[in-house]
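> Curious how this folds, go ahead:
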Amino acid sequence: MVPQRRTLLFLPLLLALAGCPRRIADFGKDGEPTSPQELLKRINYAESQVYALKGDARLGVDSPQGRGSVTLFAAVSHPALIHIEQLDFFGRPQGVLVTDGTRFGLYNAQDGKYYRGPATPTNLGRFLPLVMPPSELAAVMLGRAPRIPADSLEMRFDDQLQLFVLVITRGKVKQTLHVQPPSYRVVKSTAENLNAYDLAFSDIITQGAVTLPRQASLDAKSARTSIELVWKDVAINEAPDLTLFEMEPPEGMPVVEVDENGVPREPPTP
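Sure, this is the predicted structure:
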């Protein structure tokens, strides 16, 4: 009688397992990638479809200097055109950062000055609590995950997460990307043996033939700083308004020319 009782006890479990079939991933119209090189090609293509964004956003910051969030108006165009306005409660600009990737201009309402000079990570750090070159900042704002050059690539599919895992290796440095099909958007990027930041993308929307993650979260553990950018109302791939990227100070505003380290230059001798 004991074997019969065991059979009866296990029968509900077997029926339950039979009722939970393995999920079948949607790999898109071209099917499942057959190599890490093909997967990387699909990632590159998906990211390249968004080359310009403009709209309202929210920037949240948690750093040793404090925690809070601000409202932004931002415009960005590949490869390194950036315009970011920090707005107060009434929508008035309290700071405006503009860069073309080579030069930068920064209006600071608090001290009533306009700073201008080389677009180094240090100078961009006057406005944003992070240190990265303009092209990298533009990439993250456009929903792209900056990548290390590859010596080798490895790929696997995580059935539980329904994500591809792509490992990029360069010497001792290893970068791991989690990639969501069928959009082939990177949803997570981490690095080993490199003083870098972790990156996560979420809230992926589809507009026509393009996809865009409306939320980007950056975690720089060594600097104990995390940043979250959320696009609220955004226009995708509109022709950029080039006047937004002009670096002319407001009329009558004192201009401070700085060097690559942010140090004010001596005014020229008359």
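
> Distance of the residue nearest to residue 65 when sequence neighbours are not counted relative to residue 215?
Sequence neighbours aside, residue 129 is the residue nearest to residue 65 in space, at 7.0 Å (criterion: Cβ to Cβ, 6 or more residues apart in numbering). Glycine gets a C-beta too; all of them are placed from N, C-alpha and C. Between residue 129 and residue 215 the distance is 18 Å, computed by Cβ to Cβ, to the nearest Å.

> Just say helix, strand or coil for residue 29.
Put simply, residue 29 is coil when judged by DSSP: H, G, I helix; E, B strand; the rest coil.

> can you pull the contacts of residue 167?
153-155, 174-177 (Cβ atoms under 8 Å, 6 or more residues apart in numbering).

> Just the buried subset of those, please.
155, 174-177 (16 or more other Cβ atoms under 10 Å).

> Can you give me the end-to-end span of stretch 142-161?
Chord length of stretch 142-161, first to last residue, is 25 Å (Cα to Cα, to the nearest Å).

> so how far is that stretch from its chain's centroid?
15 Å (Cα atoms, centre = their mean, to the nearest Å).

> buried residues in it?
142-147, 155, 157.

> any idea how far the residue nearest to residue 65 lies from residue 66?
9 Å.

> now swap in residue 84 and tell me
19 Å.

> Any regions of the stretch 1-150 of the chain where pLDDT drops low?
1-22 (pLDDT under 70).

> now the helices for it?
2-18, 36-48, 121-124, 134-141 (DSSP state H, counting those that start in this stretch).

> before we move on, the earlier item: how about the contacts of residue 167 in a markdown table, adding secondary structure?
Formatted as a markdown table, the contacts of residue 167 follow (three-state DSSP):
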| residue | secondary structure |
| --- | --- |
| 153 | strand |
| 154 | strand |
| 155 | strand |
| 174 | strand |
| 175 | strand |
| 176 | strand |
| 177 | strand |
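
> What residues are bridge-paired with the closest residue in space to residue 108 that isn't next to it in sequence?
Spatial nearest neighbour of residue 108, chain neighbours left out: residue 95 (5.6 Å); criterion: Cβ to Cβ, 6+ apart. Bridge pairing for residue 95 (DSSP bridges) gives the partners residue 86, residue 108.
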